[in-house]
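**Q** Okay, structure incoming, though there's no sequence with it:
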């Protein structure tokens, strides 16, 4: 979740060498598994609930029609078609301002299923953000959402502040869980399987992650520290992606997982097409920029040429 982490640090986390980490990243990029970067503000900044809902589909229902209808549901962030253990679903991730809003959105989503029923919404735990964001902070977030791969010097020039100011603000946002700059690992052109493993205790989960990372070159940890789960449970969960280069690979991994100590449950999902709906976040960020820009800007937020002019004056 943190772009500042080096290959060496990642290697220590997953029990591999730094060259092995770099090799895997290069291979996944060439295979098309790593689709690119995405930048998301922490939904907690907007005081909203963050939930996922599974919409069951029948075998013949096209997911495209569901993706199109989801554009009309307020708060939908992204949706992904998936084949579960025994069914086909569209997984919808959305936000809502109130519990009642979640219920209303869930009732709308139920209409998109042939059974007119959905699984109960699953809340996602979100880390709190202890800082208050300024107009400059929101501009930095929006800038990276528009161009996630910008270098810090270029991003600073586009926002109109010094590199020192930009870097200070950017690192502050990351340190306080205000923004996440993540690698997208879902690509419908590359068959993959998601594996979610629950362990009895954090020690078993940590040992299991090291074991799988060292035994299977294409094992991609997808969630760090059980993100999305409540604090008391997150260290006991492991979520990863495995490219399906050969069907036998899934069976090998499942045998390895079930042979690990402390495994409580294993769930597989085969993801298909993913559709993002950025409008909700972009509107909210735009509102934050507009509202926080009504007063006088601090000298730290003035563009470089403005500060230079004021000093000269």
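**A** On my side now, so go ahead. Everything quoted here is computed from the prediction, not taken from an experiment. Numbers count the residues shown, from 1 in each chain.

**Q** rest of the way, CA atoms for contacts and neighbours
**A** Will do.

**Q** quick one: secondary structure of the residue nearest to residue 237 when sequence neighbours are not counted?
**A** Leaving aside its sequence neighbours, residue 237 sits nearest to residue 198 (C-alpha to C-alpha, 6 or more residues apart in numbering; 4.7 Å). Assigned by DSSP: H, G, I helix; E, B strand; the rest coil, the conformation of residue 198 is strand.

**Q** For residue 198, give me its contacts.
**A** For residue 198, the contact set (C-alpha atoms under 8 Å, 6 or more residues apart in numbering) comprises 205, 236-238, 263-266.

**Q** and if we set it to 6 Å?
**A** Applying C-alpha atoms under 6 Å, 6 or more residues apart in numbering, we find residue 198 in contact with 236-237, 264-265.

**Q** Just the buried residues of these.
**A** Buried by 16 or more other C-alpha atoms under 10 Å: 236-237, out of these.

**Q** for the contacts of residue 198, which one is nearest residue 146?
**A** When the contacts of residue 198 are ranked by distance to residue 146 (C-alpha to C-alpha), residue 237 comes first, at 32.1 Å.

**Q** Would you map the strands across the stretch 201-313 of the chain?
**A** Taking DSSP state E, counting those that start in this stretch to define them, one finds strands in the stretch 201-313 of the chain at 220-223, 237-243, 263-276.

**Q** Other residues contacting the last one?
**A** So that's strand 263-276. 78-84, 188, 193-199.

**Q** Output the below-cut-off pLDDT ranges for the stretch 201-313 of the chain.
**A** Along the stretch 201-313 of the chain, the parts satisfying pLDDT under 70 run over 223-231, 245-248, 292-313.

**Q** which stretches of it form helices?
**A** 202-215, 231-234, 247-258, 279-292, 304-312 (DSSP state H, counting those that start in this stretch).

**Q** Pipe these into TSV and attach mean neighbour count and distance to residue 101 per row.
**A** Output for the helices of the stretch 201-313 of the chain, formatted as TSV (neighbours: other C-alpha atoms under 10 Å; distance: least, C-alpha to C-alpha, whole Å):
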stretch	mean neighbour count	distance to residue 101
helix 202-215	18	35
helix 231-234	14	25
helix 247-258	14	39
helix 279-292	15	15
helix 304-312	11	43
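
**Q** before we move on, the earlier item: show the pLDDT at the residue nearest to residue 237.
**A** pLDDT for residue 198: 91.

**Q** For it, give the beta-bridge partners.
**A** Bridge pairing for residue 198 (DSSP bridges) gives the partners residue 237, residue 265.

**Q** The chain should start at 577 in everything you say after this.
**A** That works, and once the first residue is 577, the last one we named lands at residue 774.

**Q** re the thing from before, which member of the contacts of residue 774 is positioned nearest residue 750?
**A** The nearest member of those to residue 750, counting by C-alpha to C-alpha, is residue 813 at 23.2 Å.

**Q** picking up where we left off before, from residue 699, how far off is the residue nearest to residue 813?
**A** Residue 774 is 17 Å from residue 699, where distance means C-alpha to C-alpha, to the nearest Å.

**Q** Can I get the contacts of residue 774 in TSV including distance to residue 619?
**A** As requested, the contacts of residue 774 are exported to TSV (distance: C-alpha to C-alpha, whole Å):
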residue	distance to residue 619
812	24
813	22
840	30
841	29
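
**Q** Of all the helices of the stretch 777-889 of the chain, which one is nearest residue 743?
**A** helix 880-888 (14.4 Å).

**Q** center of this structure - which residue?
**A** Centre of the chain computed as the mean C-alpha position; nearest residue by C-alpha atoms, centre = their mean is residue 758, 6.0 Å away.

**Q** how close does that one get to residue 616?
**A** For residue 758 relative to residue 616 (C-alpha to C-alpha), the value is 8 Å.

**Q** And the pLDDT for residue 699?
**A** Residue 699 is assigned 84 on the pLDDT scale.

**Q** any chance of the helices of the stretch 777-889 of the chain in a markdown table, with distance to residue 626 too?
**A** Below are the helices of the stretch 777-889 of the chain laid out as a markdown table (distance: least, C-alpha to C-alpha, whole Å):
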| stretch | distance to residue 626 |
| --- | --- |
| helix 778-791 | 25 |
| helix 807-810 | 15 |
| helix 823-834 | 30 |
| helix 855-868 | 13 |
| helix 880-888 | 38 |
